[in-house]
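In: Sequence first, then the predicted structure:
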Amino acid sequence: MLNPILQVQNVSLSFGGVNALKDISFSAEHKSILAIIGPNGAGKSSLLNVINGVYKPQQGKVIFKDKSWDQVVPFEAARSGIARTFQNIALFKGMSVLENILTGRSLKMRSGLLSSAFYIGPCKREEVAHREAVEHIIDFLQIQHIRKTPVGRLPYGLQKRVELARALAAEPDLLLLDEPMAGMNVEEKEDMSRFVLDVNEEYGTSVILIEHDMGVVMDISDKIVVLDYGKKIGEGTPVQIKNNQKVIDAYLGVTD
Amino acid sequence: MFYREAGQFKASYKEDQAILPISQDRVGLILILIFGFFAIPLFASDYWLTAILIPFLVFSLAALGLNLLTGYAGQLSLGTAAFMAVGAFAAYNFELRVPQMPILISFIMSGITAAAVGIAFGIPSLRIRGFYLAVATLAAQFFIPWLLVKVGWFTNYSSSGVITTQPVTIFGFIFDSPSRRYLLVLSIVVILALVAKNLVRSNLGRAWMAVRDMDVAAEVIGISIVRTKLIAFGVSSFYCGVAGALYAYAYLGSVEPDGFNLDLSFRILFMVIIGGIGSIMGSFLGAAFITLLPIFLDIFINEAAAILGLKLAAGITSVIQLLVFGGLIIFFLIVEPLGLARLWQITKEKLRLWPFPH
């Protein structure tokens, strides 16, 4: 049995007097889909930001692929195999879909200033090789028809898909998705769920996602972590969570 | 009708990723280059070469440098003229102090020196951005010309601060006539423009644009913001440095530190804005617009006055020129913030369909 790909141990994070996360621990298994749910302001996005190094937790540590860190920068998180998408689409607006996805592979590109300047040898080969890899992802996510379109012109649903493509381009071991289906209609949600499941199955990528649509969460995740006011109030399989009284209270409120 | 890409199929990614994937564009560029390299030196008058075409090319190069930094990497800079000054005086000193120094190597070294200075003045960009960064780059704009005046060594202790450039000789061939100097500048500009195009379509260019558009996302992808910004400052200043060296050696012949003032920096910034932020071709269009417009306005105003029978007071044309010039800049900022390059792009999209509506 392998160790979990990601272990979060006793992480606490506060901004001034506000405790965004209090002593959070959980783990994500290899090749699993883990969902983080919770009401607004529960600290879900903060938790993702801690995992890939955008925020530094005051306490606790994150162990990724048996490598522990307590002070990590996003650059290193990316290099060790974590990719993510953002809650509010964070695409590069001035570039085409193709360029956006190619940028996702920038860690794998090695050509230096001089070979790029004259577009010779390694640089030229590299551009073509990575283009090929990117085309596979474009095929996979079915966005062939828009590959040369500037991303600013695309509708919301497709932008979300391009962002997923950009994250996949890095061939990550762990994919963090911050509300990948927010604001989508049922059909788009179905498409997106299918892509997440396919990614997980075909590439064996572990996925951690934040999502508000309980139907989707219950259907696709192997494990669910529930946060409320920065605290973990539940962890388990979808069935366990469904019957967890604390979770029900947090979502529906309690009558005293 | 003429600008159709129908029937031009790409069989490999290499073809699809060519700089000009459409054959009409390739033919157009080749015609322009033939015109620039052969027709102009044969037929253009010395006045056109020295007063219009050489400065146009030199400013294009500087605008290109600024465009890489501001348009592609999103870092606003007002220090362009200062980096040009570094280039001009570096070339002068390399020629002066290193025996048997080939002039082309001096030009490259002037670019490298300017790049080093540019990186040093780019360090504030790691903490601040936008207008605040622009103010920080002003430090370069005031400090460098001051230093060049203050330390006599840079101007070889010339009492007025004016340096006169050495003759330009490459392999025994003297670039003394206007058409020869024009060809030298044109060759350097064409090569550096190609290099710029290559840089922006490679991984480095994408990193620049990523930092410009969304720096948090760029960092999460694994792009080092520090490195990317500093390389942008370095490459941009390299271009400005070479432009400065050419400004001194091929255009004016003698320069002083105070010539590289804030005015010049602003002129180059306007070229970038009018030509098109984030566009290689835009740098050339903007430089052409700003160098040629005053001349056309001058002719136009005088002609109009002659027709109307007015006698213009001395100096009034230059005032009208400035008014029209300022008006046009405001017009562009409002109507087409992406500049002439964007207009050209729209025209091309229209041309693809013309004469049919769809």
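Out: Cool, got the structure.
In: So for the closest residue to chain A within chain B, what's the pLDDT?
Out: Taking Cβ to the nearest Cβ, chain A has its nearest neighbour within chain B at B:G222, 3.2 Å off. All C-beta atoms are positioned from the backbone trio N, CA, C, and that covers glycine. Confidence at B:G222, expressed as pLDDT, is 91.
In: what's the answer for B:M1, then?
Out: Reported pLDDT for B:M1: 59.
In: what does A:D70 give?
Out: A:D70 is given a pLDDT of 63.
In: Name the residues of chain B found near chain A, please.
Out: B:12-14, B:16-17, B:195, B:198-199, B:201-207, B:209-210, B:212-214, B:216-224, B:231, B:235, B:278 (Cβ under 8 Å from any Cβ of the partner chain).
In: filter those to the buried ones?
Out: B:17, B:195, B:198-199, B:201-207, B:209-210, B:212-214, B:217-224, B:231, B:235, B:278 (16 or more other Cβ atoms under 10 Å in any protein chain shown).
In: which residue is nearest the centroid of chain A?
Out: In chain A, the centroid-proximal residue (Cα atoms, centre = their mean) is A:L176; its distance is 1.5 Å.
In: For my notes, confirm that one occurs in a strand.
Out: Yes. Per DSSP: H, G, I helix; E, B strand; the rest coil, A:L176 lies within a strand segment.
In: Leaving out chain neighbours, which residue sits closest to it?
Out: In space, and not counting its chain neighbours, A:L176 is closest to A:R84: 3.7 Å by Cβ to Cβ, 6 or more residues apart in numbering or on different chains.
In: That neighbour contacts A:N52, correct?
Out: Yes. Using Cβ atoms under 8 Å, A:R84 is in contact with A:N52, at 5.6 Å.
In: The two - which one has more neighbours?
Out: A:R84 (27 against 23; other Cβ atoms under 10 Å in any protein chain shown).
In: Could you tell me which residues make contact with A:D228?
Out: A:G38, A:P39, A:A42, A:A250 (Cβ atoms under 8 Å, 6 or more residues apart in numbering or on different chains).
In: ok, now with 6 Å
Out: For A:D228, the contact set (Cβ atoms under 6 Å, 6 or more residues apart in numbering or on different chains) comprises A:G38, A:A42, A:A250.
In: Next: B:F238.
Out: Counting by Cβ under 6 Å, 6+ apart, B:F238 makes contact with B:G111, B:A115.
In: Confirm it sits in a helix?
Out: Yes. Counting by three-state DSSP, B:F238 falls inside a helix.
In: Which pLDDT value does the model give it?
Out: So B:F238 comes in at 98 (pLDDT).
In: Next: the one 10 residues further on.
Out: The predicted local confidence for B:A248 comes out at a pLDDT of 96.
In: cool, the one 10 residues further on as well?
Out: If you check B:D258, the pLDDT there is 93.
In: The closest residue to it other than its chain neighbours sits in which helix or strand?
Out: Among residues not flanking B:D258 along the chain, B:P145 sits closest, at 6.0 Å (Cβ to Cβ, 6+ apart). Assigned by DSSP states H and E, B:P145 belongs to helix B:131-150.
In: List the buried residues for whatever helix or strand A:S12 lives in?
Out: A:S12 is part of strand A:6-15 when elements are defined by DSSP H and E. Neighbour counts using 16+ other Cβ under 10 Å place A:L6, A:Q7, A:V8, A:Q9, A:V11, A:S12, A:L13 of strand A:6-15 among the buried residues.
In: Quick check: mean pLDDT of it?
Out: Mean pLDDT, computed over strand A:6-15, is 92.
In: Check stretch B:55-65 too.
Out: pLDDT averaged over stretch B:55-65 gives 97.
In: is it true that A:L168 touches A:H136?
Out: No. Taking contacts as Cβ atoms under 6 Å, A:L168 lies outside contact range of A:H136: 9.5 Å.
In: Between these two, point out the one with more neighbours.
Out: Neighbours per residue, other Cβ under 10 Å: of A:L168 and A:H136, the larger number sits with A:L168, 24 against 11.
In: can you list the weak-confidence ranges in the chain?
Out: Chain wasn't specified; assuming chain A. A:1, A:70-71, A:256 (pLDDT under 70).
In: ah, no, chain B please
Out: In chain B, residues with pLDDT under 70: B:1.
In: Please name the residues that touch A:L164.
Out: A:L164 touches A:T85, counting by Cβ under 6 Å, 6+ apart.
In: now it, what's its secondary structure?
Out: Applying three-state DSSP: A:L164 is helix.
In: That one and A:E188, how far apart?
Out: According to Cβ to Cβ, to the nearest Å, A:L164 and A:E188 sit 12 Å apart.
In: Not counting its neighbours along the chain, what's nearest residue 237?
Out: Defaulting to chain A. A:K223 (6.3 Å).
In: that's the wrong chain, I meant chain B
Out: Spatially, and ignoring its direct neighbours in sequence, B:S237 is nearest to B:G118 (2.5 Å; Cβ to Cβ, 6+ apart).
In: hmm, back to that, now do the contacts for the residue nearest to the centre of chain A.
Out: A:L48, A:R84, A:I208.
In: same deal with B:I268?
Out: B:A62, B:A63, B:L66, B:T80.
In: Now do the last one against B:V185, distance only.
Out: Spelled out, that is B:T80. 18 Å.
In: Compare the two (neighbour count), which wins?
Out: Using other Cβ under 10 Å as the criterion, B:T80 and B:V185 rank with B:T80 on top: 34 against 26.
In: who touches the closest residue to B:P178 other than its chain neighbours in this structure?
Out: Leaving aside its sequence neighbours, B:P178 sits nearest to B:L49 (Cβ to Cβ, 6+ apart; 3.9 Å). When contacts are counted by Cβ under 6 Å, 6+ apart, B:L49 is found next to B:P178, B:S179, B:Y182.
In: Closest one to A:F26 out of those residues, please.
Out: B:Y182 (69.3 Å; Cβ to Cβ).
In: where does the closest residue to the closest one other than its chain neighbours land in three-state SS?
Out: Closest residue to B:Y182 apart from its sequence neighbours, by Cβ to Cβ, 6+ apart: B:L49 at 4.8 Å. Classification of B:L49 using three-state DSSP returns helix.
In: before we move on, what about A:N100?
Out: helix.
In: Wait, it touches A:R166, no?
Out: Yes. Between A:N100 and A:R166 there is a contact at 5.3 Å, judged by Cβ under 6 Å.
In: interface residues of chain A facing chain B?
Out: For chain A, the residues in contact with chain B (Cβ under 6 Å from any Cβ of the partner chain) are A:74-75, A:78-79, A:84, A:90, A:92-95, A:99, A:103-104, A:106-107, A:109, A:116-117, A:119, A:123, A:128, A:131.
In: ok, back up a step: the helix holding B:P145: which residues count as buried?
Out: Result for helix B:131-150 [16+ other Cβ under 10 Å]: buried residues B:L133, B:A134, B:A136, B:T137, B:L138, B:A140, B:Q141, B:I144, B:P145, B:L148.
In: What pairs with the helix or strand just after that helix, parallel or antiparallel?
Out: Toward the C-terminal end, the helix or strand that comes next after helix B:131-150 (DSSP H and E) is strand B:163-164. Partners of strand B:163-164 in the sheet, by DSSP bridges, are strand B:254-255 (antiparallel).
In: Distance from the chain centre to the partner strand, please.
Out: Relative to the mean C-alpha coordinate of its chain, strand B:254-255 is positioned 19 Å out (Cα atoms, centre = their mean, to the nearest Å).
In: what does stretch B:246-264 give?
Out: For stretch B:246-264, the distance to the chain centre is 14 Å (Cα atoms, centre = their mean).
In: Could you do stretch A:167-184 as well?
Out: The chain centre lies 4 Å from the centre of stretch A:167-184; the measure is Cα atoms, centre = their mean.
In: Who are the contact partners of the residue in the stretch 151-256 of chain A that chain B sits nearest to?
Out: Residue of the stretch 151-256 of chain A nearest chain B, by Cβ to the nearest Cβ: A:A170 (6.7 Å). Listed by Cβ under 6 Å, 6+ apart, the contact partners of A:A170 are A:A83, A:G104.
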